[in-house]
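Visitor: Here's a sequence, model it:
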Amino acid sequence: MTQKAGAPTPNPIRDELMSPQQVQGEYGFTAQTLANWRWMGIGPDYIKTSPGRSGRIKYRRSTIEAWLTAQTINTTGGAA
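Guide: A predicted model of the protein is given here:
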């Protein structure tokens, strides 16, 4: 099966929006750790659905995966 020119490429990563609790369940980072990372300006990018303290936080699955890839350290046996 061939793909037509200009057609979007299928993405194997489901790009769903995840709550901090869902991220915790799938990746093991607690909701509090994610909140600390947001406050410090580190960690994966996130979406805030409304302004203020009560705005809901969501993470794209693809953003979490890309952030984890960026954090991966390649150990080639050399000195760090």
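
Visitor: can we go C-alpha only for contacts and neighbour counts from here?
Guide: Noted.

Visitor: Confirm Phe29 sits in a helix?
Guide: No: per DSSP: H, G, I helix; E, B strand; the rest coil, Phe29 lies outside any helix segment and is coil.

Visitor: so what pLDDT did it get?
Guide: Here the pLDDT value assigned to Phe29 is 96.

Visitor: Tell me how far the nearest residue to it once chain neighbours are set aside lies from Ala35.
Guide: Spatial nearest neighbour of Phe29, excluding adjacent residues (C-alpha to C-alpha, 6 or more residues apart in numbering): Val23 at 6.8 Å. Going from Val23 to Ala35 by C-alpha to C-alpha, to the nearest Å gives 12 Å.

Visitor: between those two, who's got more neighbours?
Guide: Between Val23 and Ala35, Val23 has the larger neighbour count (other C-alpha atoms under 10 Å), namely 20 against 15.

Visitor: Contact partners for that one?
Guide: Contact analysis of Val23 by C-alpha atoms under 8 Å, 6 or more residues apart in numbering lists 29-31, 59.

Visitor: Restrict those residues to the buried ones and give me that as a ChimeraX selection.
Guide: Buried members of these, defined by 16 or more other C-alpha atoms under 10 Å, are picked up in ChimeraX with:
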select :31,59
